[in-house]
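> Okay, here's the prediction I keep looking at, along with the sequence it came from:
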Amino acid sequence: MAKKTKKRKEIKRKLLHKYRLVILNESTFEEKISFKLSRLNVFVTGSLCIIGLIALTTLLIAFTPLREYIPGYSSTRLKKQATDLTYKTDSLVANLNNTNRYLENIRKVLIGDLESGEVNLDSLREQFKLDPSSIDLTPIREDSVLRAEVALEDKYNLFERNTTGTDMILFPPLNGEISQGFNLDQKHFAVDVTAPTDTPVKAVANGTVIFAEWTADTGYVIILEHKDGLLSVYKHNGSLSKSQGEVVRAGEVIASVGNTGELSTGPHLHFELWNNGNTVNPMDYIDF
């Protein structure tokens, strides 16, 4: 026990023993600066300096751009570029998906693929079918006044209102004899109009050319996109007067009658109308 106490006193004495650090002039041995130090003071001071240096280095790395020069830390500029590239990639993927869907719809129009894109409207109507007995059908005064005003306007209307889903006035693309009409059972989703070769084919309404190319089955084909989701398709043409991307007006010549494509049996125009992805009877829209 006495040895342990004596050893502790010896350690304490060594730690607290004073030393004098003197800085002298080498030539004159003049004392310039002197410090009284102990081992404990040196240890504490050194520890505090090391802790302060570590704290200062941490602050510089965390809150200054100096961290970009340390291996293993990414640059802020690179992070921003990576974020921008991620957003651009997402936008490109979305645009690519939209383009693919658009091209798939064009493909269905070209090959007349109605079944794969057909919507069962009866099932939709059944889901939202209402019981007429639960609805109060008694006309109100405002409704009667509105009906009278509409009836008065229609009495002097120069154009018959279209009830086929579009309010556009469509012009005949070609004057000729109809050799085959629209027939869903036979999967003939068009009206065939015969005419002499090179007879002008005209646009049925204002629109934009979204397809104007040659296909093996239907020869020269041109497709116009109109407002309200309406597409007009002209097949088996002898030649095309417009190219993809051009804007055309109603009645403007876009092609000429021909007998091109493996499915053609003579000079005629195979004309289709598609309304919001569904094929419709052109004769419900146009007076041939």
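Looks like it arrived, so ask away. Numbering: from 1, shown residues only.
> At which residues are the strands of the stretch 51-200 of the chain located?
177-180, 191-194, 200-202 (DSSP state E, counting those that start in this stretch).
> for the record, mean pLDDT for the first one?
Strand 177-180 shows a mean pLDDT of 93 in the predicted model.
> Equivalent analysis for the last one, please.
Per-residue pLDDT values over strand 200-202 give a mean of 95.
> what lines up beside it in the sheet?
strand 253-257 (antiparallel) (DSSP bridges).
> swap in the first one?
With DSSP bridges as the criterion, the sheet partners recorded for strand 177-180 are strand 191-194 (antiparallel).
> ok now the partner strand, how far from the chain's centre?
Relative to the centre of its chain, strand 191-194 is centred 38 Å away, using CA atoms, centre = their mean, to the nearest Å.
> picking that back up, so which of the strands of the stretch 51-200 of the chain is nearest residue 217?
strand 191-194 (14.7 Å; CB to CB). For glycine as for every other residue, the C-beta is placed from the backbone atoms N, C-alpha and C.
> doesn't residue 211 make contact with residue 221?
Yes. Assessed by CB atoms under 8 Å, residue 221 is found in contact with residue 211 at 6.6 Å.
> who touches both of the two?
Here residue 221 and residue 211 have residue 110 as joint contacts, going by CB atoms under 8 Å, 6 or more residues apart in numbering.
> returning to that earlier point: compare the strands of the stretch 51-200 of the chain and report which one is nearest to residue 29.
strand 200-202 (116.0 Å).
> which element follows that closest one toward the C-terminus?
strand 207-215 (DSSP states H and E).
> got the CA coordinates for that next one in PDB?
The C-alpha coordinates for strand 207-215 follow below in PDB (Å, rounded to 0.1, in the frame of the first residue of the first chain):
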ATOM      1  CA  GLY A 207     -55.700  19.300 -90.600                       C
ATOM      2  CA  THR A 208     -52.100  18.200 -90.500                       C
ATOM      3  CA  VAL A 209     -50.400  15.400 -92.400                       C
ATOM      4  CA  ILE A 210     -49.200  12.800 -89.900                       C
ATOM      5  CA  PHE A 211     -48.400  10.000 -92.300                       C
ATOM      6  CA  ALA A 212     -47.600  10.100 -96.000                       C
ATOM      7  CA  GLU A 213     -45.700   6.900 -97.100                       C
ATOM      8  CA  TRP A 214     -45.900   3.800 -99.300                       C
ATOM      9  CA  THR A 215     -47.100   0.500 -97.800                       C
END
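> quick one, helices of the stretch 1-150 of the chain?
2-16, 39-63, 76-111, 121-127, 141-155 (DSSP state H, counting those that start in this stretch).
> Any idea which of these gets closest to residue 217?
Closest to residue 217 of these, according to CB to CB: helix 76-111, at 7.8 Å.
> Now do the closest one and strand 207-215, the angle between them.
Computed by axes from the mean of the first three to the mean of the last three CA atoms, to 10 degrees, the angle separating helix 76-111 from strand 207-215 equals 70 degrees.
> Next, the buried residues of helix 76-111.
Neighbour-count burial for helix 76-111, with 16 or more other CB atoms under 10 Å as criterion, is recorded at 105-106, 108-110.
> on that earlier part again, make CSV from the strands of the stretch 51-200 of the chain and add distance to residue 262 to it.
CSV is the format used below for these (distance: least, CB to CB, whole Å):
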stretch, distance to residue 262
strand 177-180, 17
strand 191-194, 16
strand 200-202, 20
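> out of those strands, nearest to residue 38?
Nearest to residue 38 among these is strand 200-202; the distance by CB to CB comes to 108.0 Å.
> sec struct for residue 270, please.
Under DSSP: H, G, I helix; E, B strand; the rest coil, residue 270 falls in the strand class.
> Looking at residue 221 and residue 211, which is more packed in?
Set residue 221 next to residue 211 and count neighbours by other CB atoms under 10 Å: residue 221 wins out with 23 against 18.
> can I assume the more buried one sits in a strand?
Yes. Looking at residue 221 with three-state DSSP, it is inside a strand.
> Can you read off the pLDDT for the closest residue to it other than its chain neighbours?
Spatial nearest neighbour of residue 221, excluding adjacent residues (CB to CB, 6 or more residues apart in numbering): residue 235 at 5.0 Å. For residue 235, the model assigns a pLDDT of 95.
> Residue 235 and residue 263, how far apart?
8 Å (CB to CB, to the nearest Å).
> what's the overlap in contacts for these two?
residue 218.
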